[in-house]
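Enquirer: Sharing a model that was predicted from the sequence below.
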Amino acid sequence: MKKIITTGKGGVGKTTLVATLARLLVNDGYRVLVIDTDPSMNLAMSLGVPYSMLTTLADNKAAIRDRLGVSGNEDDRQGHAHEVDDDSLEDVISTYTVLTGDKIRVMVMGTIPYGGAGCICSSIALVKLIIERLEKRMPYLDFIIVDSQAGPEVLGRGLAADYDYNLVVTEATPKSLEVARHVMKLARDIGVKKQLVIVNKVEDGADIKATLKEMSQDFKDIYPVCYDRMVVEADKQSRLIMDFYPDSPAICDIRLIKEAIER
């Protein structure tokens, strides 16, 4: 099972990338779980799942931790861990995921329920716990892909420690590339095995040159995804790009990313 996280500045296209990548993978027969850890919660909708069909992890954190055999501090997981049986884990997965029409399993962490509610640290810790349990008890998944919130916080919480890939999504702008460099540094700190830089909305070769200039000279794993008007039109019509325009140039570019993470 490969564990993948997508990171980067807000608005660069992480969610569209995760949704399209997941659909390409399941079309090739892989079993895929995607987890939305962005409090904005757009991933499910990007896969055609109405929010009303979802029960988020944040809705029942204490109950889930208890079902998974963990008690104690919910932010730092300083507590007692007990053995958890497969039925308990299956129960959590079946309760807190939705299976899309093309067989992508979708889990949503949840949002901040009201002003002054505090940070999402405990929710991120819960996602980390669930992925650890899945890796030990349900290794039949081929890919787990985490769509992270904007910025570096999720890496600061160690969610992606020892993951196989960090897909760093960026635009070729100074602000976006600055965030990209930061998340790459944090990912190296926590032992992510490989990082791919996805330069989204590329309009010409100058965008790639700008990205290369900001990266170390020997960094080769850069994947451009072209600016594609059809992606914008699909979003405006609340349709999935793979349904709206399956021969989209952007999908062709994302297919190369899929092939990279399959290796």
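Expert: Looks like it came in fine. Remember, predicted model here, so these are calculated numbers, not experimental data.
Enquirer: can you pull the buried residues of the host helix or strand of Ile130?
Expert: Assessed by DSSP states H and E, Ile130 sits inside helix 121-137. By neighbour count on 16 or more other Cβ atoms under 10 Å, the buried set for helix 121-137 is 122-131, 133-134. Any C-beta I mention is one placed from the backbone N, CA and C, and that applies to glycine too.
Enquirer: next one: stretch 149-159
Expert: Result for stretch 149-159 [16+ other Cβ under 10 Å]: buried residues 149-150, 152-155, 157, 159.
Enquirer: ok so, going back, which helix or strand lies directly C-terminal to the helix holding Ile130?
Expert: As assigned by DSSP H and E, the chain's next helix or strand after helix 121-137 is strand 143-147.
Enquirer: by how many degrees do that next one and helix 121-137 diverge?
Expert: Interaxial angle, strand 143-147 versus helix 121-137 (axes from the mean of the first three to the mean of the last three Cα atoms, to 10 degrees): 170 degrees.
Enquirer: What helices and strands are in contact with the helix or strand that strand 143-147 is followed by?
Expert: Note on strand 143-147: by DSSP H and E, the next helix or strand toward the C-terminus is helix 153-156. Judged by 3 or more Cβ pairs under 8 Å, 6 or more residues apart in numbering; DSSP states H and E, the packing partners of helix 153-156 are strand 2-7, helix 174-189.
Enquirer: how about the longest one as CSV, C-alpha atoms only?
Expert: Once side chains and other backbone atoms are set aside, the C-alpha atoms of helix 174-189 remain, and they are given as CSV (Å, rounded to 0.1, in the frame of the first residue of the first chain):
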residue,chain,number,x,y,z
PRO,A,174,6.8,33.5,-6.1
LYS,A,175,4.3,33.1,-3.3
SER,A,176,3.2,29.6,-4.4
LEU,A,177,6.8,28.4,-4.9
GLU,A,178,7.8,29.7,-1.5
VAL,A,179,5.1,27.5,0.1
ALA,A,180,6.3,24.6,-2.1
ARG,A,181,9.9,24.9,-0.8
HIS,A,182,8.6,25.1,2.8
VAL,A,183,6.5,22.0,2.6
MET,A,184,9.3,20.1,0.8
LYS,A,185,11.6,20.9,3.7
LEU,A,186,9.1,19.7,6.3
ALA,A,187,8.4,16.5,4.3
ARG,A,188,12.1,15.7,4.2
ASP,A,189,12.3,16.3,8.0
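Enquirer: This completes my enquiry, with thanks.
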